[in-house]
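Asks: sequence below, structure please.
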Amino acid sequence: MKNMRFVYFALAGGALTVPCLGMAQTEVTLYGVVDAGIGYEEVKGPNGFSQSKVGSVDGVNSGSRWGLRGKEDLGDGLRAIFNVESGFNSNTGVSGQSNRLFGRRSTLGLESDQLGTLEFGRRINLASDWIGNVVDPFGTSFRTANLGSTFSAANTMRVDNLVLYQTPSMGGWQAGVGYSFNVDSTRTDNAGLNPGYATGDNNRLLTAGLRYSNGPVYAALSYDRFNPTNGAPGGQSPARIQQYIIAGSYDFEVVRLHAIFGQTFDGWLQGQTMGVTPDAGGFENLGTYKLRDGFRANSYLLGATLPLGASKVFGSWQRADPNNASLTGDDKSMNVYSVGYTYDFSKRTNLYAYVSYGDNYAFNRDASNRAAAVGLRHRF
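Replies: Numbers count the residues shown, from 1 in each chain. Model (predicted):
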């Protein structure tokens, strides 16, 4: 039977449905998050441009969602697993992620205590999962305050058509590697066109990571590489967007310290948006899968988290220094300063608040962003 585990795992790439003889234990869980509040945002740009807004906000502490996850025991330590998750705006009820039914996550796979996990479908990359969700004091939440502003690969980057393998944890070490055959099925080239059927006509992504967790110590490395479509107007771009990230944190109990460093080459994977269309202010957005051959940027983040009973105070400074080739026109260094606060009413419900300020946003001279919000989050 031990050898059969390897047979089942190898066949998973060709057939996700494995016959199960006899009785099997099945477990399905319904879960979700509802997050809503009131926020303020101000965006300033060149030539005196300024816009501000006060109003309802949603998904600040966590994106509002509902989901189903489950597993079936196939015997001998092997389990079939699935996870589907749908995002929505708690203030309007409108579906998120471009109105996809399960836009946040849609995966099916196999899990083994000895062999690890193999998943197929749509989910976040390893930089977002192992670094953004764990090392950043703000996680991948709190809008412009999180590391997605300066580390594009960790900006909650969801990819379609992903095959992802993660090893089991061994002595605190875990590795993972995944490949997406088409990162966004609704968009196959950088002009939004659908040029053809071949694999090379799609935007593809390699994601890989290594992490170590032991008591108060956590450290992680990630690498993401974006290969653009062959079918883009004018032919395939020579740019191959890449980002390396190294991150770590140490929990002293009275305070947890966080540090992240990364390098980006040949463009920007996924930009963090502000509350106004940048074009309206005469400055350029970082966008998604923005190609620029020769571009390079170094990114940094330092942060701290202080637990205070049922409360938690956290903050960070992050910076991105571009060089070599212009990505958005000005190539000014971008800084983001943020402070956040949460108070737990219970294990499921908490209050949150944050303030954030960013200068030279998206590397644009004189572009700044100020944001603040207070809200309530409930998990079920």
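Asks: what comes up buried for stretch 112-124?
Replies: Buried residues in stretch 112-124, counted by 16 or more other Cβ atoms under 10 Å: 112, 115-124. Placement of C-beta: from N, CA and C, glycine included.
Asks: now find how far off-centre the longest strand out of those in the chain is within its chain.
Replies: Ordering each strand of the chain by length in residues (DSSP state E) puts strand 288-308 first. Taking Cα atoms, centre = their mean, to the nearest Å, one finds strand 288-308 lying 12 Å from the centre of the chain it belongs to.
Asks: mind listing residues that contact the helix or strand that comes right after that strand?
Replies: Next in sequence after strand 288-308, counting helices and strands by DSSP states H and E, comes strand 311-323. For strand 311-323, contacts defined as Cβ atoms under 8 Å, 6 or more residues apart in numbering pick out 136-138, 145, 147, 149-151, 258, 260, 295-306, 331-344, 363.
Asks: any of those residues buried? List them.
Replies: Applying 16+ other Cβ under 10 Å to those flags 136-138, 145, 147, 149-151, 258, 260, 295-297, 299-301, 303, 305, 331-332, 334-336, 338-342, 363 as buried.
Asks: from the residues you listed, which land in strands?
Replies: 258, 260, 295-297, 299-301, 303, 305, 334-336, 338-342.
Asks: give me the nearest residue to Thr26, chain neighbours excluded.
Replies: Glu72 (4.8 Å; Cβ to Cβ, 6 or more residues apart in numbering).
Asks: who does the one you found form a beta bridge with?
Replies: Using DSSP bridges, the bridge partners assigned to Glu72 are Thr26, Ala80.
Asks: mind checking how far it is from Leu164?
Replies: Going from Glu72 to Leu164 by Cβ to Cβ, to the nearest Å gives 20 Å.
Asks: and what of Arg292?
Replies: 28 Å.
Asks: so for those two, which residue has more residues nearby?
Replies: Leu164 (24 against 19; other Cβ atoms under 10 Å).
Asks: show me what contacts the more buried one?
Replies: Counting by Cβ under 8 Å, 6+ apart, Leu164 has contacts 117-120, 123, 126, 176-178, 207.
Asks: out of these, list just those in helices.
Replies: Leu126 (DSSP state H).
Asks: nearest to Phe82, of the contacts of Leu164?
Replies: Nearest to Phe82 among the contacts of Leu164 is Glu119, at 9.2 Å by Cβ to Cβ.
Asks: skipping its backbone neighbours, what lies nearest the closest one in space?
Replies: If the residues on either side of it in the chain are set aside, Glu119 comes closest to Gly109, at 3.6 Å by Cβ to Cβ, 6+ apart.
Asks: any idea how many residues pack against the one you found?
Replies: 21.
Asks: and if you look at Ser98?
Replies: That count, for Ser98 with other Cβ under 10 Å as the rule, works out to 9.
Asks: same check on Asp73?
Replies: Asp73 has 15 neighbours, counted by other Cβ under 10 Å.
Asks: didn't it look like it was pressed against Ile81?
Replies: No - with contact defined as Cβ atoms under 8 Å, Asp73 does not count as touching Ile81 (10.6 Å).
Asks: now for this protein, the helix or strand with the poorest mean pLDDT.
Replies: Here the helix or strand of the chain ranked lowest by mean pLDDT, DSSP states H and E is helix 2-11, holding a mean of 46.
Asks: name the nearest residue to the most centrally placed residue in the chain, ignoring sequence neighbours.
Replies: What sits nearest the mean C-alpha location of the chain, by Cα atoms, centre = their mean, is Thr156, with 1.5 Å. Computed as Cβ to Cβ, 6+ apart, the closest residue to Thr156 that is not its neighbour in sequence is Thr140, at 4.5 Å.
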